[in-house]
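**Student:** structure for this input, please:
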Amino acid sequence: MKKLRDLRRFLSNHNIKLFPSEHPIYNELKARQSISSEIVEIGILKLQEVANGPATKGIAFARVKNLREYLTEVVNKQAKLGNINVHESFNDEIWLKVGGDKGGSSTKLVGQFANQKDGCSADATNILGMFNATDTYDNLSEVFGLYHSQIADLMDIKTIIVNGIEKRLRIFLYGDYEFLCKYMGHMGPASSFPCLWCNVTLQELRKNTNGEPHCPRLKNSRWANNANWARPKTREQYVQDYADMQAAAGGRTITGHMFHSISKKPLFPLPESIEHIVPPSLHILLGLGVRYFNLLELECRKLDQGNMADEDLAQYADWLTASADTKVAEIEYMEAKCALESDESLLKSFERAQRGRNVNAPKTDPCSMPICALASSIPEQVDRDNVQWIRCSRCGEGMAKGWYHAYCAGIKEDDVTNPAYDAWTCQVCKNEISGPEDVIPCQKERIISNKALTKQKEKVYLNEKKKLDKVYEKIARSRGQFEKKLNERLENDLGIKRQAYHSQCFVGNDCKKIVNHVEILLQDLPDGPVKNKFQGLFGRLRRIFSFFKADFLTPTEVKELCLRCWDLGYFFPANFPKESIPPKLHILICHIPEMAIRWKTVGLLSEQGLESLHASINSIKRVYASVRDKEEHMKLVLGCHQQRGVTSKEGFEVSPEKARTCRKSESCKGRYKVKEAGGKKERVCSKCNHVVYTFPT
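**Tutor:** Model (predicted):
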């Protein structure tokens with residue numbers, strides 16, 4: 001508004017009154033930013049603010065009340081503005097992408113129409129719900145659980161009304177891999193079955209001893225030798241795994257590898273088919289770009305080690321030792337810190353149980369502990385549907401008694417199946433407590449002891465970290481020539497600096513620069529096998545990622561993309577025989593080609609718009625940072641995004657007399673030019689002679 005005010009004042013000084021007064025403009029913008037309470041619900045919920053933390057009161061959330069009505073309104077507005085792509089590959093269907101992700105301090109659930117002309121932009125991403133906390137499974141199900149029936153309704157009806165015409169609605173699931181796994185109830189890429197699209201095991205991906213090709217179309221690959229290896233998943237298999245998991249649960253421990261790494265029920269209904277789960281192409285680019293640059297840096301370090309003096313080798317050995325010691329100290333400190341937090345939470349539960357409050361709270365059967373922490377209420381950190389039990393090896397022999405909740409015994413639920421607890425003895429048998437009056441004092445003593453231990457572990461960790469920093473500074477000063485030149489090329493020639501967070505990774509544009517300009521990074525390496533294999537690796541990635549564009553691919557491009565992916569599956573194991581196949585590389589080689597063959601596109605279904613949305617929302621949040629009321633702040637943020645996004649385009653269309661590109665058809669890319677003939681002045685397309693505007697005489 002300030003810039004507009006200055007411009008209006010400048011024009012007024014020259015007797016030019018082009019803009020209206022500030023008050024009507026402000027009212028117009030405020031009307032555009034308004035969020036109707038009939039469409040969007042805004043409120044406060046008790047959610048986990050951080051992962052594995054306690055539930056916190058006062059977390060703001062917003063969610064659309066009726067998905068079908070909201071999405072129908074959005075797509076019809078875009079159709080009226082002429083923003084719907086009518087490409088023949090859509091088959092007269094409307095493609096809706098539903099996904100979510102956490103960016104900054106907020107988690108979003110979004111819907112995006114692939115048919116929209118700018119469908120991969122942040123402004124074209126429609127926020128269906130948002131809350132200012134981490135994206136844990138429990139938080140997502142708490143805020144967006146009501147969408148289960150609404151999404152099921154969209155999938156069952158499979159139609160949407162656009163300009164009075166009923167069209168087929170096809171729903172895709174997209175986002176980063178973490179969100180896709182949470183949606184499907186999967187344990188993630190580090191589980192026994194890491195892939196959502198096939199049954200390949202993590203153990204098989206790590207087997208790369210002989211440089212065996214990782215490609216389904218080569219005769220000497222694993223697919224040819226074993227028909228069941230990496231067998232494609234189906235929707236029916238997911239349904240069966242969910243049923244088997246629930247039947248085997250019975251209130252006891254679930255081991256996900258028994259059910260193809262399915263450990264929870266899906267957040268929302270399963271997609272129409274597994275083909276409707278979109279591989280995260282953008283995150284594949286980021287992950288592989290960082291991973292292979294680190295491989296290049298490691299190879300440079302090895303070349304430098306061959307030329308190192310004895311003093312440099314000693315420094316490098318010191319760094320390896322200090323790095324290992326720091327990692328061990330960090331793990332021990334974090335374990336002690338988590339144990340202390342669990343003990344403090346258990347003390348609060350004991351005190352709450354002793355008071356006998358929360359009569360209407362969810363409960364479970366009491367255990368043999370003199371004061372059962374779960375008898376009066378179940379805290380948020382305990383899975384209400386799967387409370388873990390453990391039996392005492394003494395008082396539980398041949399008796400109905402002797403069974404304890406793992407939570408009451410101060411044992412992690414994941415550790416119940418550990419063989420070390422097969423001979424576990426309770427505190428009563430150890431004579432640590434004798435009755436209810438001893439439970440809380442004993443727990444307080446345990447907390448005092450754990451606090452001292454945690455402080456000691458923290459001190460050790462900080463000391464080891466200081467040692468590591470000192471050794472790293474020495475190595476940085478005496479860094480070898482190849483590694484030093486590589487980092488100089490990275491910063492000076494490409495203008496890339498590592499991030500100070502997320503293990504010093506790169507942002508998306510940095511990864512693209514590295515892949516597209518790897519020749520600059522490699523020009524200081526000596527000619528030989530190291531330089532050749534990295535030229536081949538990054539060259540193949542560059543050619544593959546060139547097809548990740550927000551448009552449909554021609555049959556020739558689809559064929560070339562598939563061949564490039566399969567060629568990478570042959571090249572990487574052969575040239576890097578000691579490296580395992582990461583899940584992202586497996587998805588790129590095996591499932592990106594399947595997606596391109598089925599849908600004739602990769603970029604149109606990518607998560608680019610969802611990732612761009614985070615920066616847009618964060619910038620809006622900074623504008624309204626002074627608003628303390630959480631609900632009002634959420635309302636202003638969503639309203640400003642709405643004003644920036646799809647609804648803001650109405651009323652800001654380029655007038656016909658100023659149009660530059662031909663509007664008659666998408667195939668014509670002609671430019672409008674002013675022509676005068678027969679006393680008329682018109683803007684005419686240079687190619688198809690379409691008249692867009694006739695100037696008044």
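**Student:** switch to C-alpha atoms for all contacts and neighbour counts from now on
**Tutor:** OK.
**Student:** can you map out the strands along the chain?
**Tutor:** Ranges of strands in the chain, per DSSP state E, are 40-48, 55-64, 93-103, 106-113, 126-131, 159-162, 165-175, 389-391, 403-405, 672-677, 680-685, 691-694.
**Student:** what does the third one rub up against?
**Tutor:** Contact partners of strand 93-103, identified using C-alpha atoms under 8 Å, 6 or more residues apart in numbering, comprise 107-115, 134-135, 160, 167-176, 179, 605, 610-611, 614-615.
**Student:** please convert the buried members of these into ChimeraX selection syntax.
**Tutor:** In ChimeraX syntax, the buried subset of those is picked out as below (16 or more other C-alpha atoms under 10 Å):
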select :107,108,109,110,111,112,113,114,115,134,135,160,167,169,170,171,172,173,174,175,176,179,605,610,611,614
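**Student:** can the strands of the chain go into CSV with extra columns for mean pLDDT?
**Tutor:** Shown next, in CSV, are those (pLDDT from 0 to 100):
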stretch, mean pLDDT
strand 40-48, 87
strand 55-64, 82
strand 93-103, 92
strand 106-113, 93
strand 126-131, 92
strand 159-162, 92
strand 165-175, 93
strand 389-391, 79
strand 403-405, 80
strand 672-677, 78
strand 680-685, 81
strand 691-694, 76
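**Student:** and these as a markdown table, adding distance to Ser546?
**Tutor:** Formatted as a markdown table, these follow (distance: least, C-alpha to C-alpha, whole Å):
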| stretch | distance to Ser546 |
| --- | --- |
| strand 40-48 | 39 |
| strand 55-64 | 36 |
| strand 93-103 | 22 |
| strand 106-113 | 23 |
| strand 126-131 | 27 |
| strand 159-162 | 33 |
| strand 165-175 | 20 |
| strand 389-391 | 54 |
| strand 403-405 | 55 |
| strand 672-677 | 31 |
| strand 680-685 | 32 |
| strand 691-694 | 35 |
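**Student:** nearest to His87, out of these?
**Tutor:** For His87, the closest of these is strand 93-103, at 9.9 Å, according to C-alpha to C-alpha.
**Student:** any idea of the angle that closest one forms with strand 165-175?
**Tutor:** Regarding strand 93-103 and strand 165-175, their directions subtend 30 degrees when assessed with axes from the mean of the first three to the mean of the last three C-alpha atoms, to 10 degrees.
**Student:** and Lys680, how many neighbours does it have?
**Tutor:** Neighbour count of Lys680, defined by other C-alpha atoms under 10 Å: 11.
**Student:** and the gap between it and Met369?
**Tutor:** 95 Å (C-alpha to C-alpha, to the nearest Å).
**Student:** same question for Ala452.
**Tutor:** Taking C-alpha to C-alpha, one finds Ala452 at 26 Å from Met369.
**Student:** also Leu486?
**Tutor:** 61 Å.
**Student:** can you pull out the low-pLDDT segments for the stretch 301-450 of the chain?
**Tutor:** 305-320, 355-364, 375-377, 379-386, 396-401, 413-417, 420 (pLDDT under 70).
**Student:** quick one, which of Ala452 and Met369 is more surrounded?
**Tutor:** Each of Ala452 and Met369 has its neighbours counted (other C-alpha under 10 Å); Met369 has more, 21 against 13.
**Student:** wait, that one sits on Cys408?
**Tutor:** Yes. Look at Met369 against Cys408 with C-alpha atoms under 8 Å: they come within range, at 7.2 Å.
**Student:** give me the neighbour count for Glu351.
**Tutor:** Neighbour tally, Glu351, other C-alpha under 10 Å: 15.
**Student:** not counting its neighbours along the chain, what's nearest it?
**Tutor:** Ile440 (7.3 Å; C-alpha to C-alpha, 6 or more residues apart in numbering).
**Student:** in this structure that neighbour contacts Ser349, no?
**Tutor:** No. Using C-alpha under 8 Å as the test, Ile440 is too far from Ser349 to be in contact (10.0 Å).
**Student:** joint contacts of these two?
**Tutor:** With C-alpha under 8 Å, 6+ apart, Ile440 and Ser349 have no common neighbours.
**Student:** more neighbours: which of the two?
**Tutor:** Applying other C-alpha under 10 Å to Ile440 and Ser349 shows that Ser349 carries more neighbours, namely 24 against 19.
**Student:** how much space between the more buried one and Met369?
**Tutor:** Distance of Ser349 to Met369, computed by C-alpha to C-alpha: 13 Å.
**Student:** same question for Val637.
**Tutor:** In terms of C-alpha to C-alpha, Val637 sits 49 Å off from Met369.
**Student:** swap in Leu295?
**Tutor:** 53 Å.
**Student:** helices of the stretch 1-150 of the chain, start to end?
**Tutor:** Here the stretch 1-150 of the chain has its helices, by DSSP state H, counting those that start in this stretch, at 2-13, 22-33, 67-80, 137-144, 147-157.
**Student:** tell me which of these sits nearest to Gly119.
**Tutor:** Closest of those to Gly119 is helix 67-80, at 10.7 Å (criterion: C-alpha to C-alpha).
**Student:** got the angle between the closest one and helix 147-157?
**Tutor:** 60 degrees.
**Student:** then helix 67-80 to CSV, C-alphas only?
**Tutor:** Output in CSV follows, covering the C-alpha atoms of helix 67-80 (Å, rounded to 0.1, in the frame of the first residue of the first chain):
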residue,chain,number,x,y,z
LEU,A,67,-14.1,-30.8,0.0
ARG,A,68,-16.4,-31.5,-2.9
GLU,A,69,-18.1,-28.0,-2.8
TYR,A,70,-14.8,-26.2,-2.4
LEU,A,71,-12.9,-28.1,-5.2
THR,A,72,-15.9,-27.7,-7.5
GLU,A,73,-15.9,-24.0,-6.9
VAL,A,74,-12.2,-23.7,-7.6
VAL,A,75,-12.2,-25.6,-10.8
ASN,A,76,-15.2,-23.7,-12.1
LYS,A,77,-13.5,-20.4,-11.4
GLN,A,78,-10.5,-21.6,-13.3
ALA,A,79,-12.6,-22.7,-16.2
LYS,A,80,-14.3,-19.3,-16.4
